[in-house]
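Have a look; sequence and predicted model below, questions after that.
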Amino acid sequence: MKLYSENEIVDAVVIGTGAGGAPLLSRLAKAGLKVVALEAGEHWEPSKDFATDEVSQAKLFWTDERLSAGEDPLHFGNNNSGIGVGGSTLHYTAYVPRPQPDDFHLYSDFGVGVNWPIGYNDLEKYFDEIEQFLGVSGPADYLWGAKHKSSYPLPPLPLNGAAQLMKRGCDKLNIKTSPAANAALSAPYFQKDIGWRAACTNRGFCQAGCTIGAKANMDVTYIPLAVYHGSEVRSKSFVTEFELNNSDNISAVVYSFNGKMQRQKCKNVFLCAGAIETPRLLLINNIANSSGEVGKNFMAHTGMQVWGQFEEDIRPYKGIPGGLISEDTHRPKDADFAGGYLLQSIGVMPVTYASQVARARGLWGEALLQCMRGYNHTAGINILGDCLPYPNNYLELSDEMDSRGLPKPRIYFSIEENERRLNIHAEKILREIWSAAGADDIWSYNRNAHTIGTCRMGNDQQKAVVNSEGKSFDIPNLFIADNSVFPSALSANPALTIMALSLRIADCFLDKMKHR
Ligand SMILES: Cc1cc2nc3c(=O)[nH]c(=O)nc-3n(C[C@H](O)[C@H](O)[C@H](O)COP(=O)(O)OP(=O)(O)OC[C@H]3O[C@@H](n4cnc5c(N)ncnc54)[C@H](O)[C@@H]3O)c2cc1C
Ligand code: SF4
């Protein structure tokens, strides 16, 4: 890997190496720029460092304390974000459906939420590019949304137990289903400038990290591509501060490495630390916030799960966890709410399942053990749906300090009438699917997941933190590219859209450089 001196003024520092940071890192490096990525976590070697063991793999999650407030306080840790080179993709389930074109204009359609300053057409070529590069496995023709210009490069992965049962229930109810688009390989795949990646062995522990690199985490895709093109990736480097020059540009980024403070001089900064750490860093440094919108408009997808017990031996830990999808509920005709949701089957590891049972059903001790005896006969479906931005859902700095002496973030979250109505609509359908599939002991778990918003992208600098190209309205050489810039939640899993935004932000930046 190429190494840069801290005194060299590099073209760009990229903070965070997840779905937002890694694609643009590779794009900038490929264009010949001198780029350094600073990543708080470790650079793991999957074949040596990852295990089929949920407890040891807790190292993949961001577990620094986040204070959770509001009427529906969120569960952070393994419900939300990751740490390490690859960020949250190290443990994501790799469901990668595209958002539908109308997801980008919720306000025009319903008069609530906001429109995006860009549309599906602005991201379409990036969806195509990313799907081909990652080696997404999926159906030849996807049933919902805009027609894709190119088919997924690989056929779908086999359906696991929950996916087969969900299909049985949906078929009986005439709900259309499809094998999901999954960023995991159904066959060995060659990636230019990287080499071959192995096919998925259906080990099923995707959320504990993939030991063989079949799942398209950033650490086996865009990060090696970035390194191939000359980028440096500095792991265990926790950014704390930005130094500004007289023209209000960032001139250096300060970070701690092995307990020692270091600084990297740079011409541009791409902040991609995720929807909690990105606004937290900006608020700590008191920059890029003339709009007062940093930390505001926090959203988390509605993610209700409904579980059932079956006679069949399901073994929910086996096979790719993200198997079957339905988007028939994208904008349901009988809805009394704005937006919509999709349905996805779930695979689940045993400790994760036990903690959900404890939280949702209040079971503990012998009662929890008894319930876990049925684990191998359990199957779940969850929704992934819209969540509107509200003024009372936001992130602030608390007066409690973390081990580095930095203020811990406090996140307020409450769902409101729109989310309540959407959940009622979804729960009814999910219960019907499981009844039709033959389940008993059906129960639901009302949850929200993914951290979204907090540094909104928009055209009006009074109401947004960055413009439609990810550029700060206040600091000319600061760009943000991660889940924080989403103006609305989109009723689709976020990672593919984050990657597409990341490449678009890099291309807009490179284009401006060319014409400077
Ligand atoms: C269990 C689980 C399953 C999921 N499954 C799916 C799925 O199937 N499909 C999907 O689309 N999405 C899924 N998601 C969500 C998805 O993984 C995230 O939305 C997405 O990866 C977020 O990307 P990001 O770039 O915004 O942030 P991240 O990927 O979290 O990257 C931020 C990076 O910044 C680093 N960082 C933070 N602060 C600093 C600092 N001060 N200095 C240096 N580095 C810093 C972090 O260590 C991290 O590596 C899942 C999430 C979870 C928790
Ligand atoms: S199921 Fe496939 S993609 Fe997931 S961890 Fe196992 S081998 Fe990797």
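Yep, it's here. Ligands and ions are numbered 1, 2, ... in the order given.

For the residue in the stretch 251-400 of the chain positioned nearest to ligand 2, give me its contacts.
Nearest residue of the stretch 251-400 of the chain to ligand 2, counting by Cβ to the nearest ligand atom: residue 320, 4.7 Å away. For glycine as for every other residue, the C-beta is placed from the backbone atoms N, C-alpha and C. If you count contacts by Cβ atoms under 8 Å, 6 or more residues apart in numbering, residue 320 has them with 94, 157-158, 160, 182, 184, 200, 202, 204, 206, 347.

any weak-confidence spans in the stretch 351-500 of the chain?
Low-confidence regions of the stretch 351-500 of the chain, defined here as pLDDT under 70, do not occur.

and residue 253, that's in a strand?
Yes - counting by DSSP: H, G, I helix; E, B strand; the rest coil, residue 253 is located in a strand.

for the record, mean pLDDT for stretch 32-45?
In this model, stretch 32-45 has a mean pLDDT of 97.

near ligand 2 at all, that stretch?
No - with Cβ under 6 Å from any ligand atom as the criterion, ligand 2 is not reached by stretch 32-45; the gap is at least 13.7 Å.

How far does stretch 167-181 sit from its chain's centre?
Mean-position distance between stretch 167-181 and its chain equals 25 Å (Cα atoms, centre = their mean, to the nearest Å).

Please apply the same query to stretch 108-118.
Between the mean C-alpha point of stretch 108-118 and the mean C-alpha point of its chain there is a distance of 21 Å (Cα atoms, centre = their mean).

what comes up buried for that stretch?
110, 113-118 (16 or more other Cβ atoms under 10 Å).

Over to stretch 86-102?
The neighbour-count check on stretch 86-102 (16+ other Cβ under 10 Å) flags 86-100, 102 as buried.

measure the residue of the stretch 251-400 of the chain closest to ligand 2 to residue 181 for me?
As for residue 320, its distance to residue 181 is 11 Å (criterion: Cβ to Cβ, to the nearest Å).

Near ligand 2, which residues of the chain? Just list them.
The chain comes close to ligand 2 at residues 184, 200-206, 210, 212, 214-215, 320, as judged by Cβ under 6 Å from any ligand atom.

which of the residues you listed has the weakest pLDDT?
Model confidence across the residues of the chain next to ligand 2 bottoms out at residue 203, which has 86.

give the contact list for the nearest residue to that one once chain neighbours are set aside.
With Cβ to Cβ, 6 or more residues apart in numbering as the measure, residue 52 is the residue that lies nearest to residue 203, at 6.5 Å, once sequence neighbours are left out. For residue 52, the set of contacting residues under the criterion of Cβ under 8 Å, 6+ apart consists of 203, 205, 208, 211.

Residue 181 versus the third one, what's the distance?
Residue 208 is 22 Å from residue 181, where distance means Cβ to Cβ.

which residues are contacting the strand ranked longest in the chain?
Among all segments of the chain classified by DSSP state E, the strand with the greatest residue count is strand 260-271. When contacts are taken as Cβ under 8 Å, 6+ apart, the neighbours of strand 260-271 outside the stretch itself are 4, 6-16, 21, 24-25, 28, 36, 38, 237, 240, 242-243, 250-256, 278, 281-282, 477-482, 505, 509.

Now render the residues of the chain next to ligand 2 as CSV, adding distance to ligand 1.
CSV is the format used below for the residues of the chain next to ligand 2 (distance: Cβ to the nearest ligand atom, whole Å):
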residue, distance to ligand 1
184, 10
200, 14
201, 19
202, 16
203, 16
204, 14
205, 12
206, 8
210, 13
212, 18
214, 14
215, 10
320, 10
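
In ChimeraX, how would I select the buried members of those residues?
What follows is the ChimeraX syntax for the buried subset of those, where burial is set by 16+ other Cβ under 10 Å:
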select :184,200,203,204,205,206,210,212,214,215,320
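
Let me know the closest of the residues of the chain next to ligand 2 to residue 74.
residue 206 (22.0 Å; Cβ to Cβ).

OK, contacts around the closest one?
Applying Cβ under 8 Å, 6+ apart, we find residue 206 in contact with 91-94, 184, 215, 320-322, 347.

One more pass at 6 Å, please.
Residues counted as contacts of residue 206 (Cβ atoms under 6 Å, 6 or more residues apart in numbering) are 93, 215, 321.

how much space is there between the nearest residue to residue 221 once chain neighbours are set aside and residue 13?
Nearest in space to residue 221, with sequence neighbours left out and distances taken as Cβ to Cβ, 6+ apart, is residue 134 at 5.7 Å. Spatial separation of residue 134 from residue 13 under the definition Cβ to Cβ is 25 Å.

Neighbour count for these two, which is higher?
Using other Cβ atoms under 10 Å, the more surrounded residue of residue 134 and residue 13 is residue 134, with 29 against 25.

my guess is the more buried one contacts residue 183, does it?
Yes - with the criterion set as Cβ atoms under 6 Å, residue 134 and residue 183 qualify as a contacting pair; they are 5.0 Å apart.

any common contacting residues for those two?
Going by Cβ under 6 Å, 6+ apart, residues that sit against residue 134 and also against residue 183 are residue 216.

what kind of secondary structure is the residue of the stretch 1-150 of the chain found nearest ligand 1 in?
When distances are taken as Cβ to the nearest ligand atom, the stretch 1-150 of the chain reaches nearest to ligand 1 at residue 18, 2.0 Å away. The three-state assignment at residue 18 reads coil, by three-state DSSP.

Could you list which residues are in contact with it?
Residue 18 sits next to 87-89 when contact means Cβ under 6 Å, 6+ apart.

Recalculate using a threshold of 8 Å.
82, 86-89, 218, 272, 274, 482, 498.

Same check on residue 251?
With contacts defined as Cβ under 8 Å, 6+ apart, residue 251 is in contact with 243-245, 265-266.

Please enumerate the strands of the stretch 151-300 of the chain.
For the stretch 151-300 of the chain, the strands identified by DSSP state E, counting those that start in this stretch occupy 178-179, 189-191, 195-197, 232-234, 237-244, 250-257, 260-271, 299-302, in order along the chain.

what distance separates the longest one from the centre of its chain?
Taking Cα atoms, centre = their mean, one finds strand 260-271 lying 25 Å from the centre of the chain it belongs to.

is ligand 1 contacted by it?
No - Strand 260-271 lies apart from ligand 1 when judged by Cβ under 6 Å from any ligand atom; the minimum separation is 9.0 Å.

could you give the angle of that strand to strand 237-244?
An angle of 70 degrees separates the directions of strand 260-271 and strand 237-244 when computed by axes from the mean of the first three to the mean of the last three Cα atoms, to 10 degrees.

Which residues belonging to strand 260-271 are considered buried?
When burial is assessed from 16+ other Cβ under 10 Å, strand 260-271 yields the following buried residues: 264-271.

Residue 505 reaches residue 482, doesn't it?
No - counting by Cβ atoms under 8 Å, residue 505 sits too far from residue 482 to count as a contact (10.0 Å).

So for these two, which sits in the more crowded spot?
Applying other Cβ under 10 Å to residue 505 and residue 482 shows that residue 482 carries more neighbours, namely 31 against 27.

Who's the closest spatial neighbour of that one, skipping the chain neighbours?
residue 20 (3.2 Å).

One more: residue 201?
In space, residue 201 comes closest to residue 212 once its chain neighbours are excluded; the distance is 6.5 Å by Cβ to Cβ, 6+ apart.

Distance of that neighbour relative to residue 199?
Residue 212 sits 8 Å away from residue 199 when distances are taken as Cβ to Cβ.

Leaving aside the residues adjacent along the chain, what's closest to residue 510?
Using Cβ to Cβ, 6+ apart and skipping the chain neighbours, the partner closest in space to residue 510 is residue 31 (5.2 Å).

The one you found contacts residue 509, correct?
No - with contact taken as Cβ under 8 Å, residue 31 and residue 509 are classed as non-touching, separated by 9.2 Å.

picking up where we left off before, list residues touching both of residue 320 and residue 181?
Here residue 320 and residue 181 have no joint contacts, going by Cβ under 8 Å, 6+ apart.
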